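> Just the structure for this:
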Amino acid sequence: MPNPIKLSLVNPQRFPFFYGYVVLIIGSIGILASIPGQTIGVSVFTDPVKDALGLTRNQFSNAYMIGTLLSSALVARAGVWFDAYGARYVAFFATLLLGASLLVFSVSVEISETIKRAFNIQSWSVPFLLITLLFFLIRFSGQGVLTMASRNMIMMWFKKNRGKINSISSITVSLGFSSAPILLNRLIDDHGWAMSWQIMALSLFIFCICILQLYRNRPEDFDLLPDGGEKKEFDQEAEEIETDFTLKEAKKTRAFWMFGLVLAFNSFYVTGFTFHIVSIFGSQDYTKSEAIAVFLPMSVIAIFVSTLCNILSDYINHKIYLFVMLMAGVLASLGLLMLSQPIGVYLLVGGLGTMGGLFAVINAVTWPSFFGRKHLGSISGKVMSFLVIGSAIAPSLFSYCFTGLGSYRYMGYVTLVFLLFLIIGSLKVKNPQ
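Residues are numbered from 1 along each chain as shown. Here you go, the predicted structure:
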């Protein structure tokens with residue numbers, strides 16, 4: 001492991017209070033910093049960018065899909081890097097790459113036109129290949145690596161209070177993600193989509209400095225213990241130390257696959273819905289403002305659910321969360337089928353809000369609780385590859401459903417069938433601990 005305080009002025013051992021609370025704050029900000037690489041950050045740019053590049057909705061969605069699929073091939077490897085080098089260096093280079101990619105994205109039209117003139121090619125394939133590469137970079141660095149490293153770092157510093165701490169982080173992240181489309185839409189209206197990406201890139205470069213100064217991998221690196229406990233307390237509770245599963249061992253359990261697949265479903269559905277949200281609501285005669293407005297009530301529900309379930313997660317069986325999340329998925333699917341009616345909007349908001357709240361709990365708390373902390377990077381990295389694949393194929397499937405079948409509602413039938421499979425498969429799930 002590299003020197004944990006190299007290039008930094010901050011030493012957790014000398015802090016007047018438990019440094020895990022600093023990790024909680026800076027790690028939550030790190031998750032928010034990944035927004036430009038998340039679907040919720042890309043979706044607001046979809047229409048102006050595809051129009052500027054001269055791409056159709058299907059072409060833009062396919063570029064997003066291919067770029068995201070390519071990133072899924074590497075994101076599992078990033079989990080191994082996390083175990084080997086820690087959150088600090090992994091998050092630093094991910095943030096640096098995300099900022100640089102946004103800068104290139106901001107001049108993508110100019111780059112595309114230059115390539116066309118240089119090679120005398122007048123084809124949509126030039127901007128298509130360019131943004132496919134850029135989508136790969138921002139999805140890998142933002143949605144994949146930066147999010148995983150920041151979330152895992154927080155979980156490394158807490159054990160007994162893991163759920164309560166994650167509830168605080170989840171509230172911050174939910175508020176940030178829910179307000180992101182509104183704020184980014186305002187930023188684009190005021191400065192244009194290119195300048196907006198440049199502003200975000202500059203912010204990310206500044207955050208790189210914060211990562212080097214404040215990100216810390218594990219309390220044990222500084223002779224500290226999770227939750228700020230003392231050595232004597234730790235020795236008395238030695239019999240409660242969790243078993244550390246390797247990725248190979250975790251993959252042999254039903255819990256790994258069922259929890260991983262329900263998280264992947266959430267990623268798939270939320271990505272497809274968010275990516276095409278203006279078009280989805282527009283097909284039912286809703287305005288752009290009305291479409292974006294659903295993020296607010298969804299976030300309120302997500303915050304309530306995540307706060308309650310995070311606190312309870314230290315005491316109850318997580319299998320309950322698995323089935324509640326599956327039922328929420330059913331509600332969201334029915335909402336898409338019935339969107340032409342007011343009840344459809346309520347079902348969508350309620351289902352997606354509940355799924356979003358439980359996603360924040362399961363994706364952060366369940367993995368260290370079920371499989372231990374030692375190999376958390378490789379295990380969560382593998383699960384992250386499921387999420388990335390789900391988010392990769394969603395925009396194109398939603399798009400083809402609309403352009404080929406004439407309505408987004410048919411995706412509701414597809415998701416209901418998949419949820420039925422997960423419900424049956426989850427009946428015998430057990431905690432590996």
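
> Tell me which helix or strand the residue nearest to Phe82 when sequence neighbours are not counted sits in.
Nearest in space to Phe82, with sequence neighbours left out and distances taken as C-beta to C-beta, 6 or more residues apart in numbering, is Gly377 at 3.1 Å. For the C-beta atoms, the positions are set from N, CA and C on the backbone; glycine is no exception. Using DSSP states H and E, the element containing Gly377 is helix 376-405.

> Who are the packing partners of whichever helix or strand comes after that helix?
Per DSSP H and E, the first helix or strand lying C-terminal to helix 376-405 is helix 410-425. Under the contact definition 3 or more C-beta pairs under 8 Å, 6 or more residues apart in numbering; DSSP states H and E, helix 410-425 sits against helix 254-275, helix 319-337, helix 376-405.

> quick one: which of those is nearest Ile115?
Closest approach to Ile115 among the helices and strands packed on helix 410-425 (C-beta to C-beta): helix 376-405, 24.2 Å.

> Mind giving me the packing neighbours of the closest one?
helix 57-85, helix 147-156, helix 247-250, helix 254-275, helix 367-371, helix 410-425.

> Quick check: which of the helices and strands packed on helix 410-425 is nearest to Leu225?
Closest to Leu225 of the helices and strands packed on helix 410-425, according to C-beta to C-beta: helix 376-405, at 16.7 Å.

> what's the burial count for Leu358?
Burial measure for Leu358: 27 neighbouring residues, criterion other C-beta atoms under 10 Å.

> can you check the one 3 residues further on too?
The number of residues packed around Val361, counting by other C-beta under 10 Å, is 25.

> if we can go back for a sec, rebuild the helices and strands packed on helix 410-425 as JSON lines, extending it with mean pLDDT and mean neighbour count.
Compiled in JSON lines, the helices and strands packed on helix 410-425 are given as follows (pLDDT from 0 to 100; neighbours: other C-beta atoms under 10 Å):
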{"stretch": "helix 254-275", "mean pLDDT": "91", "mean neighbour count": "23"}
{"stretch": "helix 319-337", "mean pLDDT": "93", "mean neighbour count": "21"}
{"stretch": "helix 376-405", "mean pLDDT": "86", "mean neighbour count": "22"}
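
> Figure out which of the ones you listed is closest to Leu9.
Closest of the helices and strands packed on helix 410-425 to Leu9 is helix 376-405, at 26.3 Å (criterion: C-beta to C-beta).

> returning to what we had before: so the residue nearest to Phe82 touches Met155, yeah?
No: between Gly377 and Met155 there is no contact under C-beta atoms under 8 Å: 10.7 Å.

> And the lowest mean pLDDT element among the helices and strands of this protein?
Using mean pLDDT, DSSP states H and E, the weakest-scoring helix or strand in the chain turns out to be helix 231-236, at a mean of 51.

> In this structure, which residue is most central in space?
Centroid check for the chain by C-alpha atoms, centre = their mean gives Gln143 as the closest residue, at 5.1 Å.

> Distance from the chain centre to the longest helix along the chain, please.
Looking across the chain with DSSP state H, the single longest helix is helix 162-214. From the chain centre to the centre of helix 162-214 is a distance of 13 Å (C-alpha atoms, centre = their mean, to the nearest Å).

> which secondary structure elements does it contact?
If you count contacts as 3+ C-beta pairs under 8 Å, 6+ apart, helix 162-214 packs onto helix 20-33, helix 39-42, helix 46-53, helix 87-106, helix 147-156, helix 288-293, helix 295-312, helix 342-361.

> Need the pLDDT of the residue lying farthest from the centre of the chain.
Within the chain, Asn120 marks the point farthest from the mean C-alpha position, 39.6 Å out by C-alpha atoms, centre = their mean. pLDDT for Asn120: 85.

> Mind putting the helices and strands packed on helix 162-214 into CSV with mean pLDDT?
Listed next are the helices and strands packed on helix 162-214 as CSV, based on pLDDT from 0 to 100:
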stretch, mean pLDDT
helix 20-33, 94
helix 39-42, 84
helix 46-53, 88
helix 87-106, 95
helix 147-156, 91
helix 288-293, 80
helix 295-312, 87
helix 342-361, 90
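
> just to revisit the earlier point, among the helices and strands packed on helix 376-405, which comes closest to Ser34?
The closest of the helices and strands packed on helix 376-405 to Ser34 is helix 147-156. By C-beta to C-beta, the value is 4.6 Å.

> which other helices and strands contact that closest one?
Helix 147-156 is packed against helix 20-33, helix 57-85, helix 87-106, helix 162-214, helix 367-371, helix 376-405, with contacts defined by 3+ C-beta pairs under 8 Å, 6+ apart.

> returning to what we had before: now the helices and strands packed on helix 376-405 as a markdown table including distance to Gly356?
Shown next, in a markdown table, are the helices and strands packed on helix 376-405 (distance: least, C-beta to C-beta, whole Å):
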| stretch | distance to Gly356 |
| --- | --- |
| helix 57-85 | 19 |
| helix 147-156 | 14 |
| helix 247-250 | 25 |
| helix 254-275 | 7 |
| helix 367-371 | 18 |
| helix 410-425 | 16 |
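
> from these, which stretch is densest packed?
Neighbour counts (mean count of other C-beta atoms under 10 Å) averaged over each of these peak at helix 147-156, with a mean of 27.

> Asp244: how many residues sit nearby?
Burial of Asp244 is recorded as 14 neighbouring residues (other C-beta under 10 Å).

> try Ile362
Neighbourhood size, Ile362 [other C-beta under 10 Å]: 23.

> Isn't it up against Val324?
No: contact criterion C-beta under 8 Å: Ile362 and Val324 do not qualify, at 10.2 Å.

> For Ser8, which non-adjacent residue is spatially closest?
Spatially, and ignoring its direct neighbours in sequence, Ser8 is nearest to Gln213 (5.1 Å; C-beta to C-beta, 6+ apart).
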